[in-house]
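Asker: Got a sequence here, can you model it:
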Amino acid sequence: MAGKKVLIVYAHQEPKSFNGSLKKVAVDELSQQGCTVTVSDLYAMNFEPRATRKDITGESRHKCLVIF
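Answerer: Take a look at the predicted model:
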């Protein structure tokens, strides 16, 4: 897998969890195999999974979309 780019999307509130350990092992193993690994930690980014009114800007080009 040398030269491959890998994106890991990680979403867990506790870094020391089982999921956190699996992420660390995956990053370590993939890196040892020569992969470029990027981790996107959604909790660290304060990622908001819901689209709210503030996320919608401008006018819709679609007549069926109604924003209340």
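Asker: Model confidence score at the residue lying closest to Gly20 once chain neighbours are set aside, please.
Answerer: The spatial neighbour of Gly20 that comes closest, neighbours along the chain excluded (CB to CB, 6 or more residues apart in numbering), is His12 at 6.0 Å. (Each C-beta comes from the backbone N, C-alpha and C, glycine too.) In the prediction, the pLDDT value recorded for His12 is 95.
Asker: Ok, Lys63 next?
Answerer: Lys63 carries a pLDDT value of 70.
Asker: swap in Ala26?
Answerer: For Ala26, the predicted pLDDT is 98.
Asker: what about it, neighbour count?
Answerer: The number of residues packed near Ala26 is 16, by other CB atoms under 10 Å.
Asker: Surely it is within a helix?
Answerer: Yes. Inclusion of Ala26 in a helix is indicated when DSSP: H, G, I helix; E, B strand; the rest coil is applied.
Asker: start at 57 instead
Answerer: From this message on, residue numbering opens at 57, which makes the last subject Ala82.
Asker: That one touches Ile64, doesn't it?
Answerer: Yes. Because the distance of 6.2 Å satisfies CB atoms under 8 Å, Ala82 is recorded as touching Ile64.
Asker: For the residue nearest the centre of the chain, list the residues it contacts.
Answerer: Here the mean C-alpha position of the chain is nearest to the C-alpha of Val65 (CA atoms, centre = their mean), at a distance of 3.7 Å. With CB atoms under 8 Å, 6 or more residues apart in numbering as the criterion, the residues that contact Val65 are 96, 98.
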